[in-house]
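S.K.: what follows is a predicted structure for the sequence shown.
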Amino acid sequence: MPFVLDTERISEFVDQLPRSVLERAPKTHFPIQLPLAFPSPLHHVNLLTVLHLVHATLSQPRHTLYLAETRSDAYDIAIRGVFGLYLGSDETWGAQNLLSAKAWKQGAMSEAKVGEFFSLDIMREKNHPTLPVKIGERWGPGAEIAGDLVALFMRLGEGMAMRCVGEAVLAALGTSREGENDGEGDRWTAASSRAFCDQVVAFEPVMADGYASSPGDTHLPSAPLRLLQDLAALLPLLPELDLSSPNLDPVSNLSPLPLSPPLLLYLGLITPDADNDSDSAKLQSAIPTGQSVFELLASLTSETTADGPDKKDPRNATVSAETYAKLYAASVEACQQIGDCASLASQEGVEAGSKRGMSYLEAERVCAYLATVMEGKGLGVRVVVSEGIDL
């Protein structure tokens with residue numbers, strides 16, 4: 001089922017987006033300035049790298065059911081778990097550091113450990129068939145997400161000769177730039193960024209995109225690009241590393257990123273093609289009818305929230321893996337159009353509101369922020385991939 005981008009509503013979105021949203025949206029994918037005293041810059045880079053690896057694992061289509069059923073978010077789970085692992089570790093790179101290659105190789109990240117630190121629902125209660133008591137049983141989606149994290153840590157630990165994944169990422173930054181002149185920052189961005197992203201995907205395949213690219217598509221894979229963008233913001237704050245890093249400005253606009261599909265559907269920026277299949281009908285229910293983008297943005301940016309018995313959760317919309325992949329591919333196209341529309345408006349000298357040059361990174365950050373607000377208000381839907389189907 002193809003999706004249609006509404007260029008008029010995308011233009012209205014850029015035009016009507018309140019400047020306050022741009023100011024509130026986080027500037028990076030994960031926070032880089034933290035209230036932690038890191039023993040070394042490498043510890044900081046390592047923590048950031050693990051956050052991105054865990055987030056990519058949790059964001060796989062196979063885990064949408066878990067996230068929907070537990071009303072949780074891949075970002076929050078990653079933050080909670082990785083920060084907990086860091087705070088529960090010592091400063092060496094031995095087995096007592098739960099973010100080290102040695103600990104992972106020795107199997108320190110068991111299912112029990114992963115479930116504890118990431119607060120995963122692996123067991124669920126059900127009524128006993130004959131007695132008036134509840135009994136616990138393994139819950140498939142929870143066991144699956146825990147198993148994928150256990151496998152991630154073990155795979156990384158066994159495949160690394162370095163002390164941690166942060167060290168491997170710093171090495172990839174260095175080799176990606178080999179043969180280029182230090183003064184050619186833009187050239188690093190264009191050529192070496194792709195080399196870096198390709199190295200990261202080869203190092204850990206979970207960082208590859210989970211949606212189909214269009215023929216001739218030159219977009220960079222989004223998960224390693226997000227990591228590169230956060231590193232471009234972090235490394236200038238760590239001069240002790242003495243490492244030539246990419247400039248954040250060009251890297252932020254290097255390639256469009258996937259945006260939140262529920263938000264795009266809610267605002268009507270993308271719509272399912274009216275082919276009357278079941279997936280189309282489910283997703284159409286997420287689109288408010290007869291409301292402008294301005295009105296919908298106002299509903300998101302207002303201070304009113306529903307609490308207590310009036311608070312509702314977003315509905316689940318279960319779709320096929322094929323539809324899910326096409327939806328995410330359409331979200332990348334939407335990101336590109338938002339960036340292009342904002343850039344054109346900026347060139348024309350439009351100064352009012354937020355209609356100015358907006359990078360792909362800013363578009364993604366703004367949409368992620370609005371998606372969080374939308375879900376907190378119980379609006380839109382959660383898109384869930386049919387159980388047992390993966391991309």
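M.R.: Done, it's in. Quick caveat: nothing in here was measured; it's all calculated off a predicted structure.
S.K.: going by C-alpha atoms from here, please, whenever you check contacts or count neighbours.
M.R.: Fine.
S.K.: gap between residue 105 and residue 43?
M.R.: 18 Å (CA to CA, to the nearest Å).
S.K.: neighbour-wise, which of these two wins?
M.R.: Counted by other CA atoms under 10 Å, residue 105 and residue 43 do not tie: residue 43 has more neighbours, with 21 against 18.
S.K.: which strand or helix spans the more buried one?
M.R.: Secondary-structure element containing residue 43, defined by DSSP states H and E: helix 41-58.
S.K.: would you agree residue 225 falls within a helix?
M.R.: Yes. Residue 225: assigned to a helix according to DSSP: H, G, I helix; E, B strand; the rest coil.
S.K.: ok, which stretches of the stretch 201-350 of the chain are strands?
M.R.: 270-272, 315-319 (DSSP state E, counting those that start in this stretch).
S.K.: ok, which of the ones you listed comes nearest residue 254?
M.R.: strand 270-272 (22.6 Å; CA to CA).
S.K.: chain center to the closest one: distance?
M.R.: 21 Å (CA atoms, centre = their mean, to the nearest Å).
S.K.: kindly report the same for stretch 376-389.
M.R.: Centre to centre, stretch against its chain (CA atoms, centre = their mean), the figure for stretch 376-389 is 16 Å.
S.K.: what comes up buried for that stretch?
M.R.: Burial within stretch 376-389, assessed by neighbour count using 16 or more other CA atoms under 10 Å, is assigned to 376-387.
S.K.: do I have it right that residue 323 meets residue 277?
M.R.: No. Using CA atoms under 8 Å, residue 323 is not in contact with residue 277, being 10.8 Å away.
S.K.: and residue 111, how close does it get to residue 142?
M.R.: Counting by CA to CA - residue 111 and residue 142 are separated by 11 Å.
S.K.: repeat for residue 81
M.R.: 15 Å.
S.K.: now swap in residue 95 and tell me
M.R.: Taken as CA to CA, the span from residue 95 to residue 142 is 26 Å.
S.K.: still on that earlier bit, among the strands of the stretch 201-350 of the chain, which comes closest to residue 158?
M.R.: Counting by CA to CA, and looking across all of the strands of the stretch 201-350 of the chain, nearest comes strand 315-319 at 35.9 Å.
S.K.: where does pLDDT dip in the stretch 51-200 of the chain?
M.R.: 125-126, 128, 130, 132-134, 178-189 (pLDDT under 70).
S.K.: contacts only, for the residue nearest to residue 226 when sequence neighbours are not counted.
M.R.: Closest residue to residue 226 apart from its sequence neighbours, by CA to CA, 6 or more residues apart in numbering: residue 29 at 6.8 Å. Contacts for residue 29 (CA atoms under 8 Å, 6 or more residues apart in numbering) come out as 226, 230, 365.
S.K.: same check, this time on residue 227
M.R.: Neighbours of residue 227 in contact, by CA under 8 Å, 6+ apart: 49, 52.
S.K.: residue 323 and residue 277: who's more crowded?
M.R.: Comparing residue 323 with residue 277 by neighbour count (other CA under 10 Å), the higher total belongs to residue 323, at 19 against 11.
S.K.: what about the nearest residue to residue 63 once chain neighbours are set aside, how many neighbours?
M.R.: Leaving out its chain neighbours, the residue that sits closest to residue 63 by CA to CA, 6+ apart is residue 145, at 6.5 Å. Using other CA under 10 Å, residue 145 has 25 neighbouring residues.
S.K.: in a strand, residue 145, correct?
M.R.: No. Residue state for residue 145 (three-state DSSP) corresponds to helix; a strand is not indicated.
S.K.: roughly how far apart are it and residue 42?
M.R.: 28 Å.
S.K.: quick one: the longest helix along the chain to strand 315-319, angle?
M.R.: For the chain, the helix that runs over the most residues, judged by DSSP state H, is helix 321-347. For helix 321-347 against strand 315-319, the angle by axes from the mean of the first three to the mean of the last three CA atoms, to 10 degrees is 110 degrees.
S.K.: from the contact counts, what lies against helix 321-347?
M.R.: strand 3-5, helix 7-16, helix 261-267, strand 270-272, helix 360-376, strand 381-385 (3 or more CA pairs under 8 Å, 6 or more residues apart in numbering; DSSP states H and E).
S.K.: in that helix, which residues are buried?
M.R.: Applying 16+ other CA under 10 Å to helix 321-347 flags 321-346 as buried.
S.K.: ok, now stretch 6-19?
M.R.: 9-18.
S.K.: do stretch 28-39 as well
M.R.: 28-30, 32.
S.K.: using PDB, list the CA coordinates for that stretch.
M.R.: The C-alpha trace of stretch 28-39 is given here as PDB (Å, rounded to 0.1, in the frame of the first residue of the first chain):
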ATOM      1  CA  THR A  28      20.600  16.000  19.600                       C
ATOM      2  CA  HIS A  29      19.100  12.500  19.500                       C
ATOM      3  CA  PHE A  30      20.500  11.600  23.000                       C
ATOM      4  CA  PRO A  31      21.700  14.100  25.600                       C
ATOM      5  CA  ILE A  32      25.400  14.800  25.400                       C
ATOM      6  CA  GLN A  33      25.800  17.100  28.300                       C
ATOM      7  CA  LEU A  34      25.100  14.900  31.300                       C
ATOM      8  CA  PRO A  35      25.400  15.400  35.100                       C
ATOM      9  CA  LEU A  36      27.900  12.600  35.300                       C
ATOM     10  CA  ALA A  37      31.600  12.700  36.100                       C
ATOM     11  CA  PHE A  38      33.100  10.500  33.400                       C
ATOM     12  CA  PRO A  39      36.500   9.000  34.300                       C
END
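S.K.: cool, thanks, signing off.
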